[in-house]
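In: this one's structure only:
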């Protein structure tokens, strides 16, 4: 006598979008990374990419950084040429993406000064 096949498992329910805003998730991630740096006794520095897309959210990130005592060492503006640089397999600095390139260079210089012991 042949056995009947067991029924297949029911399909998983569809994923539902969360009600968390992107900034809430970003702040949560920022806090986690800061806590991780502190756990390992590593300094933390923050650079905000595409800061000019939503300046209110940028202000919230900066406020959180101040509250945590973490310096913001750079603000990189949105620049469409950055995507073209990536497609061309070039860095933002090599592709010369205008203000974004200048901001990346300034951020890197600030990171180097901070590592060398000069306050940001």
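Out: Received it, and whenever you're ready, just let me know what you need. Here the structure is a predicted model, which is why all the values come from computation and not from measurement.
In: what about the strands in this structure?
Out: For the chain, the strands defined by DSSP state E occupy 46-49, 72-76.
In: can you lay out those strands as TSV showing mean neighbour count and distance to residue 84?
Out: Every residue, glycine included, has its C-beta placed from N, CA and C. Formatted as TSV, the strands of the chain follow (neighbours: other Cβ atoms under 10 Å; distance: least, Cβ to Cβ, whole Å):
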stretch	mean neighbour count	distance to residue 84
strand 46-49	17	17
strand 72-76	20	16
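In: need those strands in CSV with distance to residue 66 and mean pLDDT, can you?
Out: Below are those laid out as CSV (distance: least, Cβ to Cβ, whole Å; pLDDT from 0 to 100):
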stretch, distance to residue 66, mean pLDDT
strand 46-49, 10, 96
strand 72-76, 8, 97
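In: residue 62: which of those strands is closest?
Out: Of all those, strand 72-76 sits nearest to residue 62, with 5.6 Å by Cβ to Cβ.
In: report all helices and strands that the closest one contacts.
Out: strand 46-49, helix 55-68, helix 99-115 (3 or more Cβ pairs under 8 Å, 6 or more residues apart in numbering; DSSP states H and E).
In: so the last one versus strand 72-76, what angle?
Out: For the pair helix 99-115 and strand 72-76, the angle between their directions (axes from the mean of the first three to the mean of the last three Cα atoms, to 10 degrees) equals 170 degrees.
In: buried set for helix 99-115?
Out: For helix 99-115, the neighbour count (16 or more other Cβ atoms under 10 Å) marks 100, 101, 103, 104, 107, 110, 111 as buried.
In: give the full set of residues in contact with residue 33.
Out: Residue 33 makes contact with residue 44 under the criterion Cβ atoms under 8 Å, 6 or more residues apart in numbering.
In: pull the residues that contact stretch 55-75.
Out: Against stretch 55-75 from outside (Cβ under 8 Å, 6+ apart): 23, 26-27, 30-31, 34, 44-48, 51-52, 103-104, 106-107, 110-111, 114, 119-120.
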